[in-house]
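Participant: 3D, please:
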Amino acid sequence: RCFGTVHHDSPDYIFQGRWTPPCCLKHLRETAAYVFRTFAAAHVPYWLEGGSLLGAARHADLIPWDYDVDIGMHLKDVADLPPLRKAQQEGRFVDRGFVWEKAAEGDFFRVQYSATNRVHVDIFPFYEKNGVMTKNTWFETHPQDREFPAHFLKPLENISFVGMDVLAPNNHVRFLELKFGAGVVNNPRYPGQAKDMNPA
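Facilitator: Next up is the predicted model:
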């Protein structure tokens, strides 16, 4: 990728008044599409999470300043997806140049565009407990990183994202408002900042 440090969830280009570099967005879309196709080929369900779902709801695409894609999956399905199974067993697995690995930051997985270009998709395994979807790793700097009722996944629905129909929680606007707060779809904000933004 062609940007440097991420400070408090804000990449350095944010502080320079710029969006994500077009080449990084292109590689991120390619990585996401590859991951979605891999899940579909294995018949393993997943769903868009966090800012990626927010981008899908707003633009049917990435948020213009985003630098990764987030998806959730069921923990019980990890072994059913061959690249994830290999990454879990070996720590790292390369397929067609894309790098699958266990994340160093916690109990989740990451798929990078390449060994040298680290734009990526994060894959978070969730499990159901008393009707609530939870997981083993949480990020205190991400207020939207929280548990949610399992009914949002029963069933999953389709939404347009990066030029594809992908899977998302049902009633996705309500899901996003649970995660981010009321009105989040129509009120864009820079990551980590209080300033309202209008990316159009």
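Participant: drop to CA atoms for contacts and neighbour counts, all remaining ones
Facilitator: Noted.
Participant: next one: the longest strand anywhere in the chain to chain centre, how far?
Facilitator: The residue-count maximum for a strand in the chain (DSSP state E) belongs to strand 120-129. Average the C-alpha atoms of strand 120-129, do the same for its chain, and the two points are 9 Å apart (CA atoms, centre = their mean, to the nearest Å).
Participant: what residues does it touch?
Facilitator: Residues external to strand 120-129 that are found in contact with it (CA atoms under 8 Å, 6 or more residues apart in numbering): 28, 31-32, 35, 67-76, 78, 107-113, 133-136, 150.
Participant: and if you look at stretch 66-78?
Facilitator: The set of residues external to stretch 66-78 that reach it, using CA under 8 Å, 6+ apart, is 11, 20, 24-25, 28, 32, 44-52, 84-85, 119-127.
Participant: those, buried ones only, as a ChimeraX selection?
Facilitator: Those of those that count as buried under 16 or more other CA atoms under 10 Å are selected in ChimeraX with:
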select :11,20,24,25,28,32,44,45,46,47,48,49,50,51,52,84,85,119,120,121,122,123,124,125,126,127
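Participant: tell me where the model's unsure across the protein.
Facilitator: For the chain, the stretches with pLDDT under 70 are 1-19, 190-200.
Participant: for it, which segments count as helices?
Facilitator: 12-15, 22-42, 50-59, 82-90, 172-180 (DSSP state H).
Participant: could you report the distance from the most centrally placed residue in the chain to residue 90?
Facilitator: With distances taken as CA atoms, centre = their mean, residue 70 lies nearest the centre of the chain, 0.8 Å away. Distance check for residue 70 against residue 90: by CA to CA, to the nearest Å, it reads 22 Å.
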